[in-house]
Structure formats: C-alpha cells, structure tokens
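> The sequence and its predicted three-dimensional model are supplied below.
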Amino acid sequence: MNPNLENGVKPSAFKRQLQAAAELLWSTWESGTLTTAELDRMENEFKKRHADGGEPECLWLLSEIQVYRSRLIRRTGAEAALEGLRQAPESTGLHDNYVACMDGALPDFHKRNHHRLIAEYERIVERHPELLIARRILIEHLIADYRFDEAEIHIAAALPYAAGREYVLDFYISEILYRKGERRAAERLWSSVCRRHPGDSACLFLLGEQYAKFARYEEAANAYERSFALQQSPRRIDALEALVHVHEIRGDDASLLHALSRILNVLAQDYGITEGAEADPFLRQRDSVRRREAVWS
C-alpha cells in the first residue's frame with residue numbers, strides 16, 4: 001500500500017513529482033504494462049535529479065523501478081516455464097526455473113541461505129545500531145537460517161532501541177523457541193506479551209503472524225481480526241490482507257470474498273479510494289473469485 005496513505009502523510013510540493021512517478025509504477029504493479037522505454041525515461045530522469053540534488057528519495061524510486069523490472073522479468077519467466085511444464089513435465093530445468101521465478105523454496109543450500117544479506121545487515125547495524133528496522137531484518141534472516149545464537153545476541157542488542165515496542169523482540173524469542181520445538185514455552189510467551197499489551201493492534205497483528213508462520217491458520221485469523229478491530233480511522237489493511245491469504249490457503253471463497261470487500265470498504269471509507277493503484281488488485285481478485293463461484297454454481 002502507498003506509504004503516504006499508511007502514515008496519514010500528505011506529500012509536500014517537493015515530492016509531488018516523485019509521488020506521481022511512484023503512482024505510475026504502483027498503478028501497473030500487477031499488470032506490468034509500463035514499457036521498457038517508459039521505465040528507461042523515468043530512470044534517466046531520476047538519475048539526473050539525484051545527480052543534481054542528491055535527494056535520497058530518488059534512490060528509493062530508482063530501486064522501485066528495478067524491482068518493477070525484476071517482477072516483470074520473473075512473471076514472464078514463470079509464464080514461459082509453466083507453459084514448458086505443460087509440454088514437458090519431466091523437465092528438471094523447467095521446474096527449477098518456475099520455482100525460482102515464483103520466489104519458491106529451492107532445495108540447494110547455496111541458493112536458499114541468506115548469509116550475504118546477513119553480512120550486509122551486520123555492517124549496517126554496526127554503523128547504525130539505533131536502526132531497529134535494520135536490526136529486525138538481520139534478526140529475521142538469522143532466524144530463517146536457524147542461526148539462533150546470533151539472533152539472540154542481536155535481539156538483546158536491539159532492546160535499548162525498541163522504544164516501547166519490546167514485544168516485537170519477544171515475538172522473535174518466541175519464534176526461536178517454537179522452531180526449537182519448545183512450543184509450550186513459545187505459547188506462554190505469546191500469552192504473556194498479549195496480556196501486557198491488550199489494546200495494541202500491532203501486537204495482535206504480530207501474534208497473527210506467528211500463528212500463520214506455523215500454519216495455525218484458525219488462530220491466526222482470530223488474531224488478525226482482533227488486531228483490525230482495535231484500529232481507528234484511517235485504518236491499515238495489513239490484517240485484512242493477511243486474512244485474504246489465510247482464506248486462500250484454506251480454500252474458503254466465502255470468507256475470501258468477505259475479506260476483499262472489507263479491504264475495498266476501508267479504502268473507500270478511510271481514504272476515499274475506489275479505483276486505481278491501491279484498489280485495482282483487490283477489485284480484480286474479487287471479480288476473479290466471483291467468476292469462479294459462478295462457474296461452480
């Protein structure tokens with residue numbers, strides 16, 4: 001979602017050109033309809049702006065352009081690989097390419113571990129120990145790679161900078177416990193954290209994330225619902241987006257349609273958005289589910 005909407009911030013005059021370019025990317029994020037020439041023009045324009053003024057926001061947009069390009073390339077690659085698999089389902093190479101293009105899990109250690117990303121973030125937090133976002137990315141990837149001892153060191157180092165959000169770090173500790181097989185201890189910590197922060201929407205959202213991560217979808221859905229219910233306008237849609245995925249996994253089209261409708265209602269009521277970059281992906285998914293239900297009926 002547009003970060004300005006999430007933060008309730010109106011763009012300044014200085015950022016309007018940047019915002020317009022970002023909106024153009026976001027409005028075609030799923031369709032990928034911007035041409036190479038259009039992306040090249042945008043890229044050259046903001047490279048020049050950065051060279052002239054040095055605004056770091058330009059580098060953010062330039063990175064968005066490259067993510068857009070990579071998504072388009074991966075989408076095209078996935079379509080080609082999937083068509084190939086229809087013709088030659090025994091092809092190992094086509095399976096490898098399809099999984100890679102879909103950001104799936106590959107069996108090879110050298111393809112799925114995160115040591116290079118971890119090393120870069122270790123350098124970042126050494127230079128900027130106060131950056132909780134950088135420390136969180138580092139911790140999350142250490143946990144994903146089962147490097148628990150290192151993760152625990154960084155959890156302790158992050159504590160002075162948690163600024164009232166220590167429960168974020170508690171959830172990392174509980175995830176380590178759960179992954180180690182100490183599920184009861186993890187569940188006790190979840191309960192303790194939520195008792196200490198009973199009215200905190202973000203805390204309940206992270207509880208939902210923990211449940212969902214370990215395929216406990218009913219409990220995840222309950223936590224996401226409680227998280228969303230605590231919000232005041234303008235509300236974030238993260239919890240509802242998570243519910244969309246939970247209902248997709250469970251094959252519950254009725255609940256899926258309900259979640260999509262709630263997202264569209266929030267966009268309309270809290271942000272005045274009924275179409276465009278923010279709403280279109282949910283409109284398309286809702287219409288797709290409705291067509292599927294019509295075929296079944």
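Happy to help now that I have it. Residues are numbered from 1 along each chain as shown.
> can you tell me which helix or strand Trp29 belongs to?
Assigned by DSSP states H and E, Trp29 belongs to no helix or strand.
> give the contact list for it.
68, 71, 277, 281 (Cβ atoms under 8 Å, 6 or more residues apart in numbering). For every residue, glycine as well, the C-beta is placed using N, CA and C.
> mind listing the helices for the stretch 101-250 of the chain?
Taking DSSP state H, counting those that start in this stretch, the helices of the stretch 101-250 of the chain run over residues 109-112, 115-127, 132-144, 148-158, 166-179, 183-196, 201-213, 217-229, 238-250.
> Give me the buried subset of the contacts of Trp29.
68, 277, 281 (16 or more other Cβ atoms under 10 Å).
> Next, the contact list for the first one, please.
Neighbour list for Tyr68: 25, 29, 32, 34, 39 [criterion: Cβ under 8 Å, 6+ apart].
> Please, a ChimeraX command that selects the buried ones among these?
Selection of buried members from the contacts of Tyr68 for ChimeraX, criterion 16+ other Cβ under 10 Å:
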select :25,29,34,39
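> before we move on, back to that, which stretch in the helices of the stretch 101-250 of the chain is the model least sure about?
Ranked by mean pLDDT, the helices of the stretch 101-250 of the chain bottom out at helix 109-112, which scores a mean of 89.
> ok now that one, how far from the chain's centre?
Taking Cα atoms, centre = their mean, to the nearest Å, one finds helix 109-112 lying 22 Å from the centre of the chain it belongs to.
> contact partners of it?
Here helix 109-112 makes contact (Cβ under 8 Å, 6+ apart) with 105-106.
> Which positions in it come out as buried?
Per 16+ other Cβ under 10 Å, helix 109-112 contains no buried residues.
> what's the answer for stretch 85-101, then?
Under 16+ other Cβ under 10 Å, the buried positions of stretch 85-101 are 94, 96-99, 101.
> So what's the residue count around Tyr45?
No Tyr there; residue 45 is Glu. Residues within reach of Glu45, counting by other Cβ atoms under 10 Å, total 14.
> Buried residues of the helix or strand containing it, list them for me.
According to DSSP H and E, Glu45 maps onto helix 36-53. In terms of neighbour count (16+ other Cβ under 10 Å), helix 36-53 has its buried residues at 39, 42-43, 46, 49-50.
> The nearest residue to Tyr98 once chain neighbours are set aside is in what secondary structure piece?
Leaving aside its chain neighbours, Tyr98 sits nearest to Ala81 (3.8 Å; criterion: Cβ to Cβ, 6 or more residues apart in numbering). Taking DSSP H and E as the definition, Ala81 sits inside helix 56-87.
> Next: Ile273.
For Ile273, there is no helix or strand it lies in under DSSP H and E.
> surely it meets Val266?
No: look at Ile273 against Val266 with Cβ atoms under 8 Å: they stay out of range, at 9.2 Å.
> show me the contacts for Arg179.
Per Cβ under 8 Å, 6+ apart, neighbours of Arg179: 143, 146, 148.
> For it, give its distance to Val295.
As for Arg179, its distance to Val295 is 41 Å (criterion: Cβ to Cβ, to the nearest Å).
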